[in-house]
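**Student:** Test case, fold it:
(chains A and B)
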Amino acid sequence: MIPVLVVTAPGVGFDVYRPLLEGLRAAGARVEVVEPGCVGGFDSLTARVRAEIDRGAPTVVVADGLGATLALAAGGRVERYVLLGPVLAPPDTDAGRAAFADFTSPAARAAVLGEDGGGCVSTALAAELAAGWPFTPAPVDASVWVAMGMLDELAPVEVVTPASRALGPRRLVRLGVARFDPRDYTHVDLIRDPVAVEVAVEVAVGR
Amino acid sequence: MMWVVAAWAAPEPTLERVAVGEAEIALHHTPGDGPPVVLVHGVSCNAAFFDLSPDRSLVDALWDAGFDVWAVDLRGHGDAAWPPVAATLDDYGSDVAAALRLVAGRTGRDPAYVGHSMGGIVLAYALVAAPDLPLRAAVIIGSPIELRDPDPTLRSLPVVLPLARGERVPTPAGAELLSVTRRDTVLRIDELVHNRDNLAREAELELFRRQMSPVSPRVLATFAQAIRGDGELRTADGVAVRGALAAVHTPMSFFAGRVDHIVSPDRVRAYHDAVGSTDKTWWVAARANGAHADYGHLDLVIGDHAPVDVFPRIVAFLAAETR
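**Tutor:** Okay, here's the model as predicted:
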């Protein structure tokens, strides 16, 4: 069985991940989940993720949003990154700037994650996001697959595409109408929409 | 009341055809007292794209703001005859250079520029060939400068291109077909080219039935070559246009549509990032930026909400840069 570590994202509720987790298990993956948690700053959350990566290494890491940020910052022996709307730099829309200025505010977060994406965020991490972006993407020694949603306001395409080049060679996919998918996707859609989940699962298990 | 409306309506544009080598371009001039601005359309469109109807006319918005407006038909588009040889992007760059020089000569002022889609690309081609062009400022709307990381729709271009036999790709006939079918039946093309929630059906029909021009297969071949290769758009001399833009220091403002499936915002951003100018702005037409809709490709100019969301930003930028 292929070991897959799913790193959930601060600000996204666990229920949102159920379709993704079920899809991975149905595809034969041995799935572990790390929830970085609602307490601690960027470094301590990163350390928590790193400990889980080390426990199962080498592994496939599936992560979205700020979970992807933490997973990339964590490093470790990773065979493949499957990144769904990874936050590699802050969004530069009005809504994105407002959300990152106060990520503890459910209303501000809803503007980039939708009303039903709600999960907890540590006040320490939110303070760090408000003070300045804590992560610089760098080349990774693993294959990287990045999915983007055209309606993803947490990780908008105009931010993810250029920033992801710093990771080294990577495969980039804009899920949505341009791929003849049924519709365009928001950030949480990347984790729970059947079409988006199916694509991510196939990449994660190496089909 | 009728008199007041008539007094404020933009005058009918005059039409002038101008030779560019063995080809010709057409200039639709709506005279104003203020700074000149040249408008250049995208692939398969023509100058009428900027003046689709009174309620969605960038020409009127600029004229209302005092600009002297020159909307261009590139060779083979609109009122400009099909050229003896199918055009390349370099040829369109020559058309743009000719238009800018002509307008500068007529008005005695360096014109500003607005390019939509390919209209933005060919400005880059013009600047690479002639960095000293008279150009005060430029607005780039939904234009790519590279085709890296292509979507399946783009990747299909090199595959279908061999089907485009002959001198011109008859896109008007395809658009006519779209106009008599339901919106979502023909390969969802309408959904690819604009946000249907931001373009009333009657405006879409007006575009499809009357405002389309054939496409040069040599232009599509250049796109296909980039897609098959490293994604860079190149001149006929092999110069990667994106890299050459570092030498361009013209003030520029860039507009992208959140759900633009033809030129996604990251491609417009690459154009923005490539330009050497430090005086440049960037805006995604998205609800997350306070717009009334998430914009697609064509509705950046002809969308239901473009006169409220987009036109004032274009006017404000050009007014500031041409003051």
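
**Student:** Okay, the spatially most central residue of chain A and residue B:313: tell me how far apart.
**Tutor:** A centroid search over chain A (Cα atoms, centre = their mean) returns residue A:64, at 1.1 Å, as the residue closest to the centre. According to Cβ to Cβ, to the nearest Å, residue A:64 and residue B:313 sit 32 Å apart. Where C-beta positions appear, they are placed from N, C-alpha and C, glycine not excepted.

**Student:** cool, and residue B:91?
**Tutor:** Residue B:91 sits 31 Å away from residue B:313, going by Cβ to Cβ.

**Student:** between these two, who's got more neighbours?
**Tutor:** Just comparing residue B:91 and residue B:313: by other Cβ atoms under 10 Å in any protein chain shown the higher neighbour count belongs to residue B:91, 24 against 16.

**Student:** Who's the closest spatial neighbour of that one, skipping the chain neighbours?
**Tutor:** Spatial nearest neighbour of residue B:91, chain neighbours left out: residue B:75 (6.5 Å); criterion: Cβ to Cβ, 6 or more residues apart in numbering or on different chains.

**Student:** and that neighbour, helix, strand or coil?
**Tutor:** Recorded secondary structure, residue B:75: coil (DSSP: H, G, I helix; E, B strand; the rest coil).

**Student:** For it, which residues are in contact?
**Tutor:** B:20, B:23-25, B:81-83, B:87, B:91-92, B:95 (Cβ atoms under 8 Å, 6 or more residues apart in numbering or on different chains).

**Student:** could you flag which of the residues you listed are buried?
**Tutor:** Neighbour counting with 16 or more other Cβ atoms under 10 Å in any protein chain shown marks B:20, B:23-25, B:82-83, B:87, B:91-92, B:95 as buried within the contacts of residue B:75.

**Student:** Let me know the pLDDT of residue B:182.
**Tutor:** If you check residue B:182, the pLDDT there is 64.

**Student:** same check, this time on the one 3 residues further on
**Tutor:** Reading off the per-residue confidence, residue B:185 sits at a pLDDT of 60.

**Student:** And residue B:208, by the same measure?
**Tutor:** 82.

**Student:** quick one, strands of chain A?
**Tutor:** A:2-7, A:29-34, A:59-64, A:78-86, A:143-149, A:171-175 (DSSP state E).

**Student:** and among those, the most buried is which?
**Tutor:** A comparison of the strands of chain A by mean neighbour count, using mean count of other Cβ atoms under 10 Å in any protein chain shown, puts strand A:59-64 on top with a mean of 28.

**Student:** That strand pairs with which strands?
**Tutor:** If you go by DSSP bridges, strand A:59-64 pairs up with strand A:2-7 (parallel), strand A:78-86 (parallel).

**Student:** which ones are touching residue 80?
**Tutor:** Let's take chain A. By Cβ under 8 Å, 6+ apart, the neighbours of residue A:80 are A:60-61, A:142-145, A:203-204, A:206.

**Student:** Oops, wrong one, chain B.
**Tutor:** Residue B:80 sits in contact with B:17, B:23-26, B:73-74, where contact means Cβ under 8 Å, 6+ apart.

**Student:** cool, residue A:121 as well?
**Tutor:** So residue A:121 contacts A:10-11, A:38, A:103-104, A:109 (Cβ under 8 Å, 6+ apart).

**Student:** if we go to 6 Å?
**Tutor:** A:10-11, A:103-104 (Cβ atoms under 6 Å, 6 or more residues apart in numbering or on different chains).

**Student:** Just the buried ones from those?
**Tutor:** Buried subset of those (neighbour count, 16+ other Cβ under 10 Å): A:10-11, A:103-104.

**Student:** chain center to the longest helix belonging to chain A: distance?
**Tutor:** For chain A, the helix with the greatest residue count under DSSP state H is helix A:42-56. How far helix A:42-56 lies from its chain's middle: 15 Å, per Cα atoms, centre = their mean, to the nearest Å.

**Student:** And stretch B:46-55, by the same measure?
**Tutor:** Centroid separation for stretch B:46-55 versus its chain: 12 Å, with Cα atoms, centre = their mean.

**Student:** Which one of the buried ones among the contacts of residue B:75 is nearest to residue B:306?
**Tutor:** Residue B:306 lies nearest to residue B:92 out of these, by Cβ to Cβ, at 23.9 Å.

**Student:** Look at the closest one and give its secondary structure.
**Tutor:** Look at residue B:92: counting by three-state DSSP, its state is helix.

**Student:** which element is the residue nearest to it when sequence neighbours are not counted on?
**Tutor:** The shortest distance from residue B:92 to any non-neighbouring residue, by Cβ to Cβ, 6+ apart, is to residue B:122 (4.0 Å). Taking DSSP states H and E as the definition, residue B:122 sits inside helix B:118-129.

**Student:** May I have the strands that pair with whatever helix or strand comes next after that helix, each with its orientation?
**Tutor:** The first helix or strand that comes after helix B:118-129 along the chain, using DSSP H and E, is strand B:138-141. Counting by DSSP bridges, the strands paired with strand B:138-141 are strand B:112-116 (parallel), strand B:252-257 (parallel).

**Student:** would you turn those strands into TSV with mean pLDDT and mean neighbour count?
**Tutor:** Formatted as TSV, those follow (pLDDT from 0 to 100; neighbours: other Cβ atoms under 10 Å in any protein chain shown):
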stretch	mean pLDDT	mean neighbour count
strand B:112-116	98	28
strand B:252-257	98	27
